[in-house]
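K.L.:
need coordinates for the following:
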Amino acid sequence: MKQFRAVAAGLALLMSTTTAAEASDLLRGSRRSMQRQHSVAVQSGYRFVKTPRDAEALLAAGELVEVRGNADYDVSRASFPYARPEVRLFLERLGRQYREATGAPLVVTSLARPSTRQPANAHKLSVHPAGMAVDLRVPRDAASRRWLEDALVGLERRGVVDVTRERRPPHYHVAIFPEAYREYAEERAAAEALERTRTAATVMAATASVAGAAATNRNARVVAARTANSGPAAWFG
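P.N.:
Predicted coordinates:
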């Protein structure tokens, strides 16, 4: 398993087409990116929660869902473990891939936040109150950090998320564009299902080939034995 994880992490690095300098530039964030995030939330008709009671109301209405974590990602110290359904889908998919590559779970430090509970340094256009943002802990080891940054930058290049690496405290702020990400995830899920089907068919064909060869050898041995024992009845004593 450790060898597999090392290979997976190595392949992720080899397949990356983003240099460290490019990733750093894309992760820097800007006022324009914050404006884009906010604009998507407004155009999508998302409500920005102001109080904890508002968050509970959106949860009851199904606009937000609980995000409790699983074997692939941990939710650490998030006061309001709620988010848009697409944010939870994002964490489930990325968490599984991250754990397969690094052997460790992805760590979530913040999700939906009422505007009255925003930290002092929060941007006024933050989409945490809209439930479409998540903060991720920065991995300590360089290989895991590079894998995660490559993955996040790749998704940003596809236009389905917007990522900023924050310094105080250190974390990745990820705004998920729900409709765009949902379409992307559905396309990827279909492609993954097709790949699994092809892999299963290949394995079945190989298994059938091996079984056929074994059956041919077995039949040949039976025929040889019958030929050897085809003498007079007295031989069967």
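K.L.:
C-alpha only now, for contacts and for neighbours.
P.N.:
Noted.
K.L.:
any low-confidence regions in the chain?
P.N.:
1-26, 209-237 (pLDDT under 70).
K.L.:
would you mind measuring from residue 173 to residue 108?
P.N.:
Per Cα to Cα, to the nearest Å, residue 173 is found 10 Å from residue 108.
K.L.:
again with residue 181
P.N.:
18 Å.
K.L.:
doesn't residue 36 lie inside a helix?
P.N.:
Yes - with the criterion set as DSSP: H, G, I helix; E, B strand; the rest coil, the secondary structure at residue 36 is a helix.
K.L.:
give me the neighbour count for it.
P.N.:
For residue 36, the number of neighbouring residues by other Cα atoms under 10 Å comes to 16.
K.L.:
centroid residue for the protein?
P.N.:
Centrality entry for the chain: nearest residue to the mean C-alpha point is residue 94, 1.8 Å, by Cα atoms, centre = their mean.
K.L.:
so how far is residue 158 from that one?
P.N.:
Where residue 158 is concerned, residue 94 sits at a distance of 15 Å (Cα to Cα).
K.L.:
which stretches in this structure count as strands?
P.N.:
Assigned by DSSP state E, the strands in the chain fall at 65-66, 73-75, 82-83, 106-110, 133-137, 161-167, 170-176.
K.L.:
just send these back as a markdown table, with distance to residue 198 too.
P.N.:
Putting those into a markdown table (distance: least, Cα to Cα, whole Å) gives the following:
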| stretch | distance to residue 198 |
| --- | --- |
| strand 65-66 | 34 |
| strand 73-75 | 29 |
| strand 82-83 | 35 |
| strand 106-110 | 30 |
| strand 133-137 | 34 |
| strand 161-167 | 30 |
| strand 170-176 | 31 |
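K.L.:
what's the most buried one of those strands?
P.N.:
Each of the strands of the chain was assessed for mean neighbour count using mean count of other Cα atoms under 10 Å. The highest is strand 82-83, with a mean of 26.
K.L.:
now do it: distance to the chain's middle.
P.N.:
Using Cα atoms, centre = their mean, to the nearest Å, the distance from the centre of strand 82-83 to the centre of the chain it belongs to is 17 Å.
K.L.:
just checking: what are the partner strands of that strand?
P.N.:
Using DSSP bridges, the neighbouring strands of strand 82-83 in the sheet come out as strand 65-66 (antiparallel).
K.L.:
what's in contact with the partner strand?
P.N.:
Outside strand 65-66, the residues within contact range by Cα atoms under 8 Å, 6 or more residues apart in numbering are 59, 81-85, 88.
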